[in-house]
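Participant: Give me a 3D structure for the following:
(chains A and B)
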Amino acid sequence: MNSVLLVDPPMALQHHPIGASTGYMEELRGNWDALVEEACAVSSFVVELAALSEPELGPLADYLAGMPSLPFRYLSVHAPSKHRSMTEAEFVAVLAALPAFVDAIVVHPDQIEDPLAYRPLGARLVLENMDDRKGYGRHGSELEALFAMLPEAGFCFDIAHAWSVDPEMEVGEELLDRFAPRLRHVHLSSVNERSGHEPLRADHEALFEPLLARCRDVPWLLEAPPRYL
Amino acid sequence: MTALEDLAERSEAGFPNLTRARDTTRDGIAALSSRLDGLTVDADAAVVLFGSWGRGEVTEQSDYDWAVLVDGPTREAVEPAPESVEAALSIGDRGPGTEGIFGADVFCDHLVERIGLDADDNTNLSRRMLLLLESVGIVHPEVRDSCRDRVLRGYLDESVDDFRPPRFFLNDLIRYWRTICVDYVGKERRGGDDRKWAIRDLKLRTSRKILFAGGLLPILLCGRFRAAAMEGFLRESLDRPSLDRVAFAFLELSAVDAGVRAVGAYDRFLGLISDPAVREELAGVTRATAKESPVFAEGRRLGREIEAGLQALLFETRIEPLVREYGIF
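Facilitator: Next comes the predicted model:
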């Protein structure tokens, strides 16, 4: 009889440090203590606390302002990209006020109207490459223009987004060729035909391996549940 | 082209802070040499600088940790006397600290003959390791080189095996790194100048780590050679500053992207702590307030980028079997 306990986790999931982005933990949304506990089950070293929708941002900021005892050595906050209503200045002000122990603040390029407004985020600002549904931020040339105006910003390589734009992975390779020196972390998952994140597929793991090999020193954050848990 | 220059070419904008610091170091050494020009110096003695001078990372904030190194046994009268060096350098309160490691005569025979056991105290261990890893001769540099090579040969005896890292040297280096880490806590517990806590913490995360890695990597890479070839390889490696040794390893072990990121983070750290305003802010940061300080958080984040690059180099490249075999036990 087969047992899941006898199945090794995919090689990619043996990377260190690897951790969870709380965005996939839909049933716990809003309960930050519970989200942190769930993320710790994947790793206590790195985490991304995701406020994917703007109404989640205030509660997350309040939670972090309370200086909770968190074990993570790398803490990323994913800024909202849905249900936006704040002005850009208000939005940036809330992000800039996140406590100093937040290492990275991931912002989607297609959410940015005035790049210079994001300068107060300094080196904590991290820009992510977009999937094929988005009109901006998918290719290196588009991100290059943003980085020129935000020279301190880092790069979050969403490898599944790069695949959705180009399944041959040439776009992904070009993104790393251009922005490897800025790389801060990787978003790791597969994506389905609706560009929804889903657990890393075995064929994608093999396909992604050459590019992931260039990212061995940075955290990998899972945007879908790991298959082996 | 050096390994550091090679990595700089693969980065977006080079390593401007390192480049500036290398220029400052070169100009500073020339200036100090001329200040010491009229000093009487014994033929077997050298005036040696340690720390950022040996790393090639001098900034306006750098101290002057110097010693008179004698290639021989202990003796009473050494020229120049420490007070003569102090006066000639005219560095005011930027001279060696009060711990007695620097600003004194150092006898090479101690460094070579007292490895291990009680006589090898913290001072002797620190002097020996810093001579090997981050020192530069200002007067009679050939004497400093001779002492460095004597210390090196002290580790490379008949016990060294072909294609194995020299374990005696490796263990002493690891012992030194762990001593630094333990002493960091010891200093904190002893109390004293709290204004130095943050910069001491950040240096432990960055320049001290590069210092350790700059010794560890060449020692591990000895695993590629027969025993007879190791001294030459180590001497050639140690002729370069720590960061260049680390950069060489990143290139040699095909971890170029990680190398660009790690050295880039180190470059930004150097830029950060070169800023007097940052130094002043860090002077007000304590362990209790560290989580709230953006400047400290940035320094810590850069330290983690450096460490992550080094860990990837040690555990994700073909050097990993040597780390596994020799790094822990």
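Participant: Can you name the residues that contact B:D71?
Facilitator: Residues counted as contacts of B:D71 (CB atoms under 8 Å, 6 or more residues apart in numbering or on different chains) are B:D44, B:A45, B:A46, B:C108, B:V143, B:S146, B:C147, B:R150. Every residue, glycine included, has its C-beta placed from N, CA and C.
Participant: so the last one sits right up against B:V112, yeah?
Facilitator: When you say that, I think you mean B:R150. Yes - in this structure B:R150 lies within contact range of B:V112 using CB atoms under 8 Å: 5.3 Å.
Participant: circling back: sort out for me which of the contacts of B:D71 are in strands.
Facilitator: Of these, the ones assigned to strands by DSSP state E are B:A45, B:A46.
Participant: Of the contacts of B:D71 - the most surrounded one?
Facilitator: B:C147 (29 neighbours; other CB atoms under 10 Å in any protein chain shown).
Participant: I'd say that one and B:D109 touch.
Facilitator: No - using CB under 8 Å, B:C147 is not in contact with B:D109; the gap is 9.6 Å.
Participant: Which two of the contacts of B:D71 have the greatest separation?
Facilitator: Within the contacts of B:D71, B:A45 and B:R150 form the most distant pair, 14.4 Å apart (CB to CB).
Participant: Contacts only, for the residue nearest to B:L131 when sequence neighbours are not counted.
Facilitator: Excluding its sequence neighbours, the residue lying closest to B:L131 (CB to CB, 6 or more residues apart in numbering or on different chains) is B:R148, at 5.7 Å. Residues in contact with B:R148 (CB under 8 Å, 6+ apart) are B:L131, B:L132, B:S135, B:L238.
Participant: Write out the residues of chain A neighbouring chain B.
Facilitator: With CB under 8 Å from any CB of the partner chain as the criterion, chain A meets chain B at residues A:16-17, A:67, A:73-74, A:99-101, A:103, A:122-123, A:176, A:180-183, A:214-219.
Participant: Buried among those? Make that a ChimeraX selection.
Facilitator: To isolate the buried ones among those in ChimeraX, judged by 16 or more other CB atoms under 10 Å in any protein chain shown, type:
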select /A:16,17,73,74,99,100,101,103,123,176,180,181,182,183,214,215,216,217,218,219
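Participant: give me phi/psi at A:V186?
Facilitator: Main-chain dihedrals, A:V186, degrees, to the nearest 10: phi -120, psi 140.
Participant: OK, now which residue of the stretch 101-250 of chain B is nearest to chain A?
Facilitator: Proximity to chain A, evaluated over the stretch 101-250 of chain B using CB to the nearest CB, is greatest for B:F250 at 10.0 Å.
Participant: tell me the SS of that residue?
Facilitator: Following DSSP: H, G, I helix; E, B strand; the rest coil, the label given to B:F250 is helix.
Participant: Leaving out chain neighbours, which residue sits closest to it?
Facilitator: B:G259 (2.8 Å).
Participant: Wait, the one you found touches B:A247, no?
Facilitator: Yes - if you go by CB under 8 Å, B:G259 and B:A247 touch, sitting 6.3 Å apart.
Participant: Grab the most central residue of chain A for me.
Facilitator: Nearest residue to the geometric centre of chain A (CA atoms, centre = their mean): A:H187, 4.7 Å.
Participant: residues near B:Q61, how many?
Facilitator: Using other CB under 10 Å, B:Q61 has 14 other residues around it.
Participant: Please apply the same query to the one 4 residues further on.
Facilitator: Burial measure for B:D65: 22 neighbouring residues, criterion other CB under 10 Å.
Participant: where exactly do the strands run in the stretch 1-150 of chain B?
Facilitator: In the stretch 1-150 of chain B, the strands defined using DSSP state E, counting those that start in this stretch lie at B:45-50, B:66-70, B:105-107, B:135-139.
Participant: and the longest one, average pLDDT?
Facilitator: Read it as strand B:45-50. Averaging pLDDT along strand B:45-50 yields 98.
Participant: now for that strand, which elements pack on it?
Facilitator: For strand B:45-50, the packing partners by 3 or more CB pairs under 8 Å, 6 or more residues apart in numbering or on different chains; DSSP states H and E come out as strand B:66-70, helix B:122-133, strand B:135-139, helix B:141-155.
Participant: just checking, what packs against the helix or strand following the last one?
Facilitator: Moving toward the C-terminus from helix B:141-155, the next helix or strand (DSSP states H and E) is helix B:167-190. The elements that helix B:167-190 packs onto, with contact taken as 3+ CB pairs under 8 Å, 6+ apart, are helix B:122-133, helix B:141-155, helix B:197-205, helix B:207-221.
Participant: would you turn those helices into TSV with mean pLDDT and distance to A:G30?
Facilitator: Shown next, in TSV, are the helices and strands packed on helix B:167-190 (pLDDT from 0 to 100; distance: least, CB to CB, whole Å):
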stretch	mean pLDDT	distance to A:G30
helix B:122-133	97	52
helix B:141-155	97	59
helix B:197-205	96	35
helix B:207-221	98	40
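Participant: Could you say which of those helices is packed most deeply?
Facilitator: Highest mean neighbour count among the helices and strands packed on helix B:167-190 (mean count of other CB atoms under 10 Å in any protein chain shown): helix B:207-221, with a mean of 23.
Participant: Enumerate the positions of the following helix or strand past that one that are buried.
Facilitator: Toward the C-terminus, helix B:207-221 is succeeded by helix B:227-238 as the next helix or strand (DSSP H and E). Under the neighbour-count criterion of 16+ other CB under 10 Å, helix B:227-238 has B:A227, B:M230, B:E231, B:L234, B:S237, B:L238 buried.
Participant: correct me, but the first one touches B:D161?
Facilitator: If I follow you right, that is B:A227. Yes - counting by CB under 8 Å, B:A227 touches B:D161, with 6.3 Å between them.
Participant: start to end distance for stretch B:2-20?
Facilitator: 16 Å (CA to CA, to the nearest Å).
Participant: next one: stretch A:13-23
Facilitator: Across stretch A:13-23, the terminal residues are separated by 18 Å (CA to CA).
Participant: got it, and stretch B:269-280?
Facilitator: 15 Å.
Participant: Where do the domain boundaries of chain B fall?
Facilitator: Chain B breaks down into these domains under automatic domain parsing: B:36-155, B:159-329.
Participant: The residue nearest to the centre of chain A pairs with what?
Facilitator: A:H187 has these beta-bridge partners by DSSP bridges: A:D158, A:L221.
Participant: which ones are touching it?
Facilitator: By CB under 8 Å, 6+ apart, A:H187 lies in contact with A:S21, A:E128, A:C156, A:F157, A:D158, A:I159, A:A160, A:H161, A:L221, A:E223.
Participant: between those, which is closest to chain B?
Facilitator: A:F157 (11.0 Å).
Participant: got the end-to-end distance for stretch B:131-151?
Facilitator: Start and end residues of stretch B:131-151 are separated by 9 Å (CA to CA).
Participant: Compute the number of surrounding residues for A:H83.
Facilitator: As a burial measure, A:H83 scores 11 neighbours (other CB under 10 Å).
Participant: pLDDT value on it, please?
Facilitator: Listed pLDDT for A:H83 reads 96.
Participant: now the one 5 residues further on
Facilitator: pLDDT recorded at A:E88 is 97.
Participant: show me the residues around it that make contact.
Facilitator: Residues counted as contacts of A:E88 (CB under 8 Å, 6+ apart) are A:I112, A:E113, A:D114, A:A117.
Participant: Pipe those residues into CSV and attach secondary structure, pLDDT and neighbour count per row.
Facilitator: Formatted as CSV, the contacts of A:E88 follow (DSSP: H, G, I helix; E, B strand; the rest coil; pLDDT from 0 to 100; neighbours: other CB atoms under 10 Å in any protein chain shown):
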residue, secondary structure, pLDDT, neighbour count
A:I112, coil, 97, 21
A:E113, coil, 96, 10
A:D114, coil, 97, 10
A:A117, helix, 98, 16
